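Participant: fold the following, please.
(chains A and B)
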Amino acid sequence: MAGTAPSSEDAGLVFHPMDQFIVKPLFGDGPVQWYTVTNVTLWLILAIVVVTAIMVFGTRGRAVVPSRSQSIGELAYGFVYKMVEDVAGKDAVGFFPYIMTLFMFIVSANFLGLLPMSFTTTSHFAVTVVLAMAVFLTVTIVGFVKNGAGFLGLFWVSSAPAALRPILAIIELISYFVRPVSHSIRLAGNVMAGHAVIKVFAGFAAVAVISPVSVVAISAMYGLEILVAFIQAYVFTILTCVYLKDALHPSH
Amino acid sequence: MATNTHETVSACVNDHGSAIGMPQLCNEWMGNQIFWLVITLIVIFFVLSRVALPRIAAVLAERQGTITNDIAAAEDLKAKAAAAEDAYNQALIDARAEAARIVEATKAEIKADLDAAMAKADAQIAEKAKAGEKTIAEIRANAMASVEEIAKATASEIVDALGGKADAKSVNSAVDAQLKG
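Facilitator: Take a look at the predicted model:
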């Protein structure tokens, strides 16, 4: 990374695409302890504020004919509810608040991260791994609680020829444990890459000749990032629903 | 950690405040992020599951109820409108039939009146014609008598004027013979 070369300060072009991801204490310069109030804390709290504003204050009218702000909340509700119902099944609607929490957090954190000078919490593996592990543990526990040992049928492809089943079982087992890894790296990787690319283009903007191209490229990337911010939240949520469906109905 | 320079409080940041490697992989920040993330998720979960989602669910249910009621009311009103239209059409048919009946009755009445009036008029006309014929016959008879008389008188006068001696009896018989002839 560019940050590893301290001598780049002297050069004309200065790239620090990863500096935007540094965790800093909000008050003072001390070391970052687990309880320190940092920029992470600030942007997580802002995510809470945004979710609360959309879902609670937007709907305070409780109007039968919704206002604009209430429509946004209802749209988000309907979007996730339908996803849970369609993908995970009707018996999964009990998990709807849980999935809604994941979706609303990721989508608001992603969009907050698109504000200039902001800190993108979902670009950190520490954050997305916690989310993915929460899903993984929930799905595994729910699977065993609902189906008992029958949940292991998820790994035993009964429709395959008997000779292939042990091999398939190993593959299925590996793919099951890779799920939280891909689940978390997909989200953080997409968000981080987009932000880093924007920063690189922004570094080029310092050169007068390239700057128009750079500005156009930043705008284009920003548009793409808006798309990615939503799509990655959607992908994370729908995969959660798919995993939940596996837990509730493990048979192939 | 906290070494000689002011900025260098972390193993993941160099002396210029730039990241060393990927900040995502910096171990010493992860505990902080996980701690605050868990708090955030718990807060969002409670805000959503206790306040927002039941409220939106209630609003959506209410809206669904309202829509269902409105559709039922609309069906009701539609049925009423259809019934009213049927009643109107029935009334129209009845009124037409009534009107036709009245026209028929009135026509018959007028025809009866007309027939009676015609019969009466015919009788009167016949009576008048008969009276007229009688008068004409009388007049004709009178006229014949007068003609005879005048003819006789005229004949007498002519005979006298010719210098003859008018014998009343022979003149009369001559005139009678002429009139008959």
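Participant: now do the contacts for the closest residue to residue B:60 other than its chain neighbours.
Facilitator: In space, residue B:60 comes closest to residue A:74 once its chain neighbours are excluded; the distance is 6.8 Å by Cβ to Cβ, 6 or more residues apart in numbering or on different chains. Every C-beta, even on glycine, is put in place using the N, C-alpha and C of the backbone. Listed by Cβ atoms under 8 Å, 6 or more residues apart in numbering or on different chains, the contact partners of residue A:74 are A:59, A:66, B:56, B:59, B:60.
Participant: what number of residues lie near residue A:228?
Facilitator: When neighbours are defined as other Cβ atoms under 10 Å in any protein chain shown, residue A:228 has 20 of them.
Participant: name the SS class of it, please.
Facilitator: Look at residue A:228: counting by DSSP: H, G, I helix; E, B strand; the rest coil, its state is helix.
Participant: separation between it and residue A:221?
Facilitator: Relative to residue A:221, residue A:228 is positioned 10 Å away (Cβ to Cβ, to the nearest Å).
Participant: and for these two, which residues touch both?
Facilitator: Joint contacts of residue A:228 and residue A:221 (Cβ under 8 Å, 6+ apart) are residue A:194.
Participant: report pLDDT for the residue nearest to residue B:60.
Facilitator: On the pLDDT scale, residue A:74 is placed at 92.
Participant: and it, that's in a strand?
Facilitator: No - under three-state DSSP, residue A:74 falls outside any strand and is assigned helix.
Participant: give me the distance between it and residue A:55.
Facilitator: For residue A:74, the distance to residue A:55 (Cβ to Cβ) stands at 10 Å.
Participant: shared neighbours, the two?
Facilitator: In contact with both residue A:74 and residue A:55: residue B:56, using Cβ under 8 Å, 6+ apart.
Participant: for chain B, what are the low-confidence residue spans?
Facilitator: B:1-9, B:166, B:181 (pLDDT under 70).
Participant: part of a helix, is residue B:130?
Facilitator: Yes - assigned with three-state DSSP, residue B:130 falls within a helix.
Participant: got the contacts of residue A:74 as JSON lines, with neighbour count, distance to residue B:146 and secondary structure columns?
Facilitator: Below are those laid out as JSON lines (neighbours: other Cβ atoms under 10 Å in any protein chain shown; distance: Cβ to Cβ, whole Å; DSSP: H, G, I helix; E, B strand; the rest coil):
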{"residue": "A:59", "neighbour count": "25", "distance to residue B:146": "128", "secondary structure": "coil"}
{"residue": "A:66", "neighbour count": "20", "distance to residue B:146": "121", "secondary structure": "coil"}
{"residue": "B:56", "neighbour count": "25", "distance to residue B:146": "128", "secondary structure": "helix"}
{"residue": "B:59", "neighbour count": "20", "distance to residue B:146": "123", "secondary structure": "helix"}
{"residue": "B:60", "neighbour count": "16", "distance to residue B:146": "123", "secondary structure": "helix"}
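Participant: out of those, the closest to residue B:170 would be?
Facilitator: residue A:66 (140.6 Å; Cβ to Cβ).
Participant: the closest one touches residue B:59, doesn't it?
Facilitator: Yes - contact criterion Cβ atoms under 8 Å: residue A:66 and residue B:59 qualify, at 7.5 Å.
Participant: coming back round to it: and the contacts of residue A:74, which is closest to residue B:17?
Facilitator: residue A:59 (42.7 Å).
Participant: is it true that the closest one touches residue B:56?
Facilitator: Yes - the pair residue A:59 / residue B:56 is scored as a contact, 5.7 Å apart, by Cβ under 8 Å.
Participant: now the common contact residues for those two.
Facilitator: In contact with both residue A:59 and residue B:56: A:73, A:74, using Cβ under 8 Å, 6+ apart.
Participant: checking residue A:251 next. Helix, strand or coil?
Facilitator: Under three-state DSSP, residue A:251 falls in the coil class.
Participant: that one: what's it in contact with?
Facilitator: Neighbouring residues of residue A:251 by Cβ under 8 Å, 6+ apart: A:153, A:154, A:158.
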